[in-house]
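Trainee: Attaching a predicted model along with its sequence, questions to come.
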Amino acid sequence: MKTDYGTLSQTINGLKAEGYTRDFNIQQDSLVCQETKAELSPDEFEIDGVFRFEGESNPDDEAVLYAISSTKDGSKGTLVNGYGISADDVSAELVKKLSTHS
């Protein structure tokens with residue numbers, strides 16, 4: 001895995017070419033792939049890479065891209081999230097796992 005692909009969209013495309021094809025979203029205490037309905041708890045995935053992107057003119061454009069691999073079924077995907085995960089919407093265990101790799 002490269003350490004720099006360029007922009008956020010270039011990095012997502014580069015990771016897809018490397019097999020990170022699922023699109024994960026945060027859902028309270030797990031990561032969920034809407035397409036396959038796969039759900040991963042914090043102990044069922046590893047974070048293979050973290051990429052930070054900062055908006056040039058707007059601080060609200062900051063984002064973090066995680067390259068995720070499942071220890072449950074071997075699948076790979078990405079998670080895009082803004083800086084600062086809200087503890088109100090996400091379990092403490094998931095926040096801890098994502099924060100330790102930020």
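Mentor: Cool, the structure landed.
Trainee: The residue nearest to Thr7 when sequence neighbours are not counted pairs with what?
Mentor: Once flanking residues are discounted, Thr7 sits nearest to Phe53: 7.3 Å by Cβ to Cβ, 6 or more residues apart in numbering. (Each C-beta comes from the backbone N, C-alpha and C, glycine too.) Bridge pairing for Phe53 (DSSP bridges) gives the partners Ala63.
Trainee: mind checking the SS state of Tyr5?
Mentor: coil (DSSP: H, G, I helix; E, B strand; the rest coil).
Trainee: Phi, psi for it please.
Mentor: The phi and psi values for Tyr5, taken as degrees, to the nearest 10, are phi -110, psi -10.
Trainee: Run through the residues that contact it.
Mentor: Listed by Cβ atoms under 8 Å, 6 or more residues apart in numbering, the contact partners of Tyr5 are 11, 13-15, 51.
Trainee: Show me which pair in those residues is furthest apart.
Mentor: The largest separation in the contacts of Tyr5, counting by Cβ to Cβ, is between Asn13 and Phe51 at 12.4 Å.
Trainee: More neighbours: those two, which one.
Mentor: In this view Asn13 and Phe51 are compared by other Cβ atoms under 10 Å, and Phe51 has more residues nearby, 21 against 13.
Trainee: Name the residues linked to the residue most central in space within the chain by a beta bridge.
Mentor: Residue closest to the average C-alpha location in the chain (Cα atoms, centre = their mean): Leu79, at 2.4 Å. Counting by DSSP bridges, Leu79 is bridged to Phe24, Tyr66.
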